[in-house]
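# How does the following fold in three dimensions:
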Amino acid sequence: MEFAVIATGGKQYKVSAGDVVKIEKIKGDFKVGDKIVFDDVLLVEDGKGAKIGTPYIATAKVEAILHEVGRNKTVEVVKYKQKSRYYKMNGHRQPWFKVRISAIK
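Here you go, the predicted structure:
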């Protein structure tokens with residue numbers, strides 16, 4: 001079974017062809033159905049042997065198709081100082097992409 005380990009959004013993901021992975025949003029203007037190429041490949045296993053990057057493999061690429069775009073549930077950020085009447089509350093929704101891995105090259 002062929003798989004690769006990619007780095008994106010400050011995290012590492014083990015992926016193989018056909019997988020659907022939920023990742024952090026990538027900068028740029030992407031729409032559902034767009035092709036995304038991940039160049040930061042840390043490891044590739046093809047069934048015969050593994051290639052390990054230092055830190056990345058220069059010739060390896062992982063291609064994916066953007067499947068869905070969304071945002072997580074609201075995380076409440078509260079700042080509070082007692083006895084000084086200081087209270088602030090903000091919300092944050094982290095955006096994400098759901099991508100389907102099409103090929104490991």
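# What mean pLDDT does stretch 6-20 get?
Mean pLDDT, computed over stretch 6-20, is 96.
# what comes into contact with that stretch?
In this structure, residues lying in contact with stretch 6-20 by CB atoms under 8 Å, 6 or more residues apart in numbering are 1-5, 21, 23-26, 38, 40-42, 56, 62, 67, 98-104. Quick note: C-beta positions are derived from backbone N, CA and C, even for glycine.
# cutoff 7 Å now
Contacts made with stretch 6-20 from outside it, assessed by CB atoms under 7 Å, 6 or more residues apart in numbering, are listed as 1-5, 21, 23-24, 26, 38, 40-42, 62, 67, 98, 100-104.
# Those residues, buried ones only, as a PyMOL selection?
In PyMOL, selecting the buried portion of the contacts of stretch 6-20, with burial taken from 16 or more other CB atoms under 10 Å, looks like this:
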select buried, resi 3+4+5+21+23+38+40+41+42+62+101+104
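# So which residue is dead centre in the protein?
With distances taken as CA atoms, centre = their mean, Ile23 lies nearest the centre of the chain, 2.9 Å away.
# and that residue, what element?
When secondary structure is defined using DSSP states H and E, the element that contains Ile23 is strand 20-24.
# Tell me the helix or strand right after that strand.
Note on strand 20-24: by DSSP H and E, the next helix or strand toward the C-terminus is strand 35-38.
# Need the nearest residue in space to Lys51, chain neighbours excluded.
Val44 (4.7 Å; CB to CB, 6 or more residues apart in numbering).
# Residues in contact with stretch 76-88: which ones?
By CB under 7 Å, 6+ apart, the list of residues contacting stretch 76-88 from outside reads 89-92.
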